[in-house]
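> the following comprises the amino acid sequence and a computationally predicted model.
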There are 2 protein chains.
Amino acid sequence: MSELPPLQVDEDELALLTDLYQLTMTQAYWKEAMDGVATFSLFFRRLPSERRFMLACGQQHAAARLSRLHFGDTALSRLADTGLFEAGFLDWLANWRFEGDIWTLPEGTPVFANEPLMEVEAPIAQAQLLESLAMNLVQLETVLASKAVRIVMAARGRPVVDFGMRRMHGTDAAVRGVRAYRAAGLSGTSNVLGGLRHDLALNGTMAHSYVLAHDSEREAFLAFARHYPGTTLLVDTHDTLEGVQKVIELLREEPALAVKAIRLDSGDLGELARGSRRLLDDAGHDEVQIVASSGLDETQIEALLEAGAPIDAFGVGTQMGVSADAPVIDLSYKLVAYAGEPRVKHSPGKINLPCPKQVYRRRDDQGRYLGDVIALRDEPIAAGEPLLCPLVKAGRLIEAEMARADEARERVADALSRFPADVRRFAPGKSDYPITLSPGLERLQSRT
Amino acid sequence: MSELPPLQVDEDELALLTDLYQLTMTQAYWKEAMDGVATFSLFFRRLPSERRFMLACGQQHAAARLSRLHFGDTALSRLADTGLFEAGFLDWLANWRFEGDIWTLPEGTPVFANEPLMEVEAPIAQAQLLESLAMNLVQLETVLASKAVRIVMAARGRPVVDFGMRRMHGTDAAVRGVRAYRAAGLSGTSNVLGGLRHDLALNGTMAHSYVLAHDSEREAFLAFARHYPGTTLLVDTHDTLEGVQKVIELLREEPALAVKAIRLDSGDLGELARGSRRLLDDAGHDEVQIVASSGLDETQIEALLEAGAPIDAFGVGTQMGVSADAPVIDLSYKLVAYAGEPRVKHSPGKINLPCPKQVYRRRDDQGRYLGDVIALRDEPIAAGEPLLCPLVKAGRLIEAEMARADEARERVADALSRFPADVRRFAPGKSDYPITLSPGLERLQSRT
């Protein structure tokens, strides 16, 4: 059998998942003996117009992994093969370790434009090499969590289950996406490996193919419900309401059967949910729930529930799985200080905030959020909770600072309840939630 | 150090990257002793409105991998832990292998709605278990190749380099994306692991941070050009045209320096390219090329070149890396036959084509494509080239049928030249390229 290129990225090769210039610039720093301490800030310049906040997710996971990054033998020999690197540099790279500090927002923190999700402080040849991988890792979870939390909000307490694995961008997105979904508040996932690895309940129903492979819908329902007491039956393979009737007949003829729910996967979901509910209730089966799926996103779920559709749970895949309306954020990892001096790129019309920073989230007496202040890290600020915490110090991960998965989930729910309603709306556009610069940062920014 | 969940999906766990219902349905088939041969068809129902064709990519790669899928000990013990599966079924799963046939389009084939990219034919408990992973694998490469080929077309023969790794959806998307980019005709990638693994040239320039970390732009340019003769210098950190002037001064003062190109990464790229070109040419440096990047996509590249911008190469990242305007296709893996009988789901307003199929692409005397005919696989069709080929027979990969990477790339370039111009346009909307059903399929479809 011929060798297929592997699907996985092993720990030993992970340091090669970077842009070439990170390695060539690092070699240049090495040759120039440039080892001043650099601070890089990971942030996005603007929210996508379809988002009023992003849910910062993956940055602690990324920081923990980056603090262990190293160049294994395979990686080094592949670099040697490129002919771009000197033997002395490759030797140096063999001993390369990250020995700096990484500050992060706790996972599940709602975040706005120009607020750092992460700040990395280390000799420049260490901090520079983290850039591309840090961005790739944080981008995925933040984009997916930010979409998923909107869907959770739209469902108003009803369970939302991830059905998206098949249409996500590759295997890592599918698996690590479940980590983001858990933080965002999803109830379960159909993705077996994702759910097992990131501890989210596994859920599954049945597919049209199962119904079609049987000689009749009734036969398929009966077989599946016998195998899986308390299962969910997919009723829209032929005609949805006739499918519901068949479930009801089965439950009459086979009183021992237990069916937890029916699933609607096509057609006018609101109308079909009402029709199905009526049929089930009239037959005395108010215990049988209705699950809806079929290309749903937050606006459709909101519209269904606004119109009173009797839907008990949602299965969501395609739109959530790639965050279809905003699949990317303009994440940057920018040098903001070097050797004790502020450094910023000149960008007409863009804000570039120099120096290490801190973000303060201010509350009123009732705990409601009033606004954020982006400040210099060492600037004395009277009010507000500082959001960025040191997670890696001198290259060592501070385990106690890593948010547990449940903690991220709880933080999201708690934080969302404290923002003005305007921040939680789905419509495109900016919220009025105020983000201001501290006096010290304002002064420094106008100077640089 | 605490255990971080791994980033990679090892071969032994790959079979768990599936939707739970695939496993519960398979257990049901096993219990019901249902082992009729099923045919599943992998296709999309409609093109995204932003695409006039998709470039089928990843389906041979996926088929090769799926033909070796198995449940390793780790996978089986994790399944056992869920409590959802019987010991007898898990024993059966330990010996589970795919022993059927897989037909695929060659990689790099332009494909339209309802045309199968892949057909899988096997006892239902084998074919069913491939669904979710097949879709995930094919989705990624097809979506990315379909975006990238538009960018390649827009660049009209100028090199296009992938700069997108940092903003793609996770590690697998970043690495396997390069495979799709190679087929689509990109010239290089900044992604080290992706380029090494999928044999695409590595390219890199320099970042703003390198310039900012030095005391002056001049010092940074000089150091980098000395380290890397023939490099590309990034000139927009402070003021683009002043940056170009500094490159020119350097080349005058240090005649031994060789600079291949300058890179523009912000501002009005057309105007700055013209200004830079003029400065370089006036100084006698017509050998120094101009590379442009900065959130580019096919429409911006087309507009720049239409306006005569003297740009020699493009670096493209964010928009291409997630196929931002069409990040997902509505890929389906549908049962179309079971135990020798056509099977199709009833979907009002949707086309569901029963039975194993073949796609014929018809040409005129000059080799130009006239239209496609979707037919029954065994139907005698007079004209056109049959596109689907058997790649896996009785579970064995036919190595000779696997397209080499270069072959996919050549196929794309050749095929695109044969389509009417209408298919190659970027504007949203459908092309007039005719896709018809064969008489046999038409007859069968109206009957089922």
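Ah, there it is.
> the bottom helix or strand of chain A by mean pLDDT?
Comparing every helix and strand of chain A by mean pLDDT, DSSP states H and E singles out helix A:439-447 as the least confident one, with a mean of 90.
> what helices and strands are in contact with that helix?
strand A:369-376 (3 or more C-beta pairs under 8 Å, 6 or more residues apart in numbering or on different chains; DSSP states H and E). C-beta coordinates here come from the backbone N, C-alpha and C atoms, glycine included.
> how about the contacts made by residue A:115?
By C-beta atoms under 8 Å, 6 or more residues apart in numbering or on different chains, the contact list for residue A:115 reads A:43, A:105, A:359, A:372, A:374, A:387, A:435.
> list the contacts for the closest residue to residue A:418 other than its chain neighbours?
Nearest residue to residue A:418, sequence neighbours excluded (C-beta to C-beta, 6 or more residues apart in numbering or on different chains): residue A:369, at 4.7 Å. For residue A:369, the contact set (C-beta under 8 Å, 6+ apart) comprises A:361-363, A:415, A:418-420, A:433.
> now, among those, which is nearest to residue A:62?
residue A:415 (20.4 Å; C-beta to C-beta).
> for that closest one, grab the count of nearby residues.
Counted with other C-beta atoms under 10 Å in any protein chain shown, the neighbours of residue A:415 add up to 18.
> so what does the strand or helix carrying residue A:183 touch, helix or strand wise?
In this structure, residue A:183 is located in helix A:170-184 according to DSSP states H and E. Packed against helix A:170-184, as judged by 3+ C-beta pairs under 8 Å, 6+ apart, are the following elements: helix A:131-154, strand A:160-162, helix A:192-198, helix A:318-321, helix A:405-418, helix B:131-154, helix B:170-184.
> please compute how far it lies from its chain's middle.
7 Å (C-alpha atoms, centre = their mean, to the nearest Å).
> next, the buried residues of it.
Residues of helix A:170-184 classed as buried: A:170-184 (neighbour count, 16 or more other C-beta atoms under 10 Å in any protein chain shown).
> ok, these vs residue B:19, which is closest?
Nearest member of the buried residues of helix A:170-184 to residue B:19, counting by C-beta to C-beta, is residue A:174, at 10.2 Å.
> Three-state assignment for whichever residue of the stretch 301-448 of chain A sits closest to chain B, please.
Closest contact between the stretch 301-448 of chain A and chain B, by C-beta to the nearest C-beta, is at residue A:335 (3.8 Å). Secondary structure state of residue A:335, per DSSP: H, G, I helix; E, B strand; the rest coil, is strand.
> and if you look at residue A:345?
Strictly by three-state DSSP, residue A:345 counts as coil.
> wait, it touches residue A:334, no?
Yes. Between residue A:345 and residue A:334 a contact is recorded at 6.9 Å, counting by C-beta atoms under 8 Å.
> ok, those two, which is more surrounded?
Between residue A:345 and residue A:334, residue A:334 has the larger neighbour count (other C-beta under 10 Å), namely 23 against 20.
> hmm, back to that, now the helices and strands packed on helix A:170-184 in CSV, with distance to residue B:260?
Output for those, formatted as CSV (distance: least, C-beta to C-beta, whole Å):
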stretch, distance to residue B:260
helix A:131-154, 22
strand A:160-162, 47
helix A:192-198, 44
helix A:318-321, 41
helix A:405-418, 46
helix B:131-154, 21
helix B:170-184, 22
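> between those, which gets nearest to residue A:354?
Closest approach to residue A:354 among these (C-beta to C-beta): helix A:131-154, 17.8 Å.
> can you give the distance from that closest one to the centre of its chain?
For helix A:131-154, the distance to the chain centre is 3 Å (C-alpha atoms, centre = their mean).
> what about that helix, near chain B?
Yes. Helix A:131-154 lies within reach of chain B by C-beta under 8 Å from any C-beta of the partner chain, at A:131-132, A:135-137, A:139-140, A:143.
> avg pLDDT for that helix?
The average pLDDT within helix A:131-154 is 98.
> just want the angle from it to helix A:170-184.
50 degrees (axes from the mean of the first three to the mean of the last three C-alpha atoms, to 10 degrees).
> out of the contacts of residue A:369, which is most surrounded?
residue A:361 (20 neighbours).
> ok, that residue - contacts?
A:369, A:371-372, A:384-385, A:387.
> just the buried ones from those, in PyMOL syntax?
Under the burial definition 16+ other C-beta under 10 Å, those of these that qualify are selected in PyMOL by:
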select buried, chain A and resi 369+371+372+384+387
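> pipe the contacts of residue A:361 into a markdown table and attach distance to residue B:163 and pLDDT per row.
Below are the contacts of residue A:361 laid out as a markdown table (distance: C-beta to C-beta, whole Å; pLDDT from 0 to 100):
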| residue | distance to residue B:163 | pLDDT |
| --- | --- | --- |
| A:369 | 37 | 97 |
| A:371 | 36 | 97 |
| A:372 | 31 | 97 |
| A:384 | 37 | 93 |
| A:385 | 37 | 94 |
| A:387 | 31 | 97 |
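> could the contacts of residue A:361 be laid out in CSV, adding distance to residue B:166?
Putting the contacts of residue A:361 into CSV (distance: C-beta to C-beta, whole Å) gives the following:
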residue, distance to residue B:166
A:369, 30
A:371, 30
A:372, 25
A:384, 31
A:385, 30
A:387, 23
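> so what's residue A:296 up against?
Counting by C-beta under 8 Å, 6+ apart, residue A:296 touches A:151, A:269, A:314-316, A:319.
> what sits up against stretch A:264-278?
Contact with stretch A:264-278 is made by A:208, A:234-236, A:240-241, A:244, A:262, A:290-294, A:296, A:303-304, A:307-311, B:347-348, as judged by C-beta under 8 Å, 6+ apart.
> just the buried residues of the residues you listed.
Here, 16+ other C-beta under 10 Å leaves A:208, A:234-236, A:240-241, A:244, A:262, A:290-294, A:296, A:304, A:309-311, B:347 buried among the contacts of stretch A:264-278.
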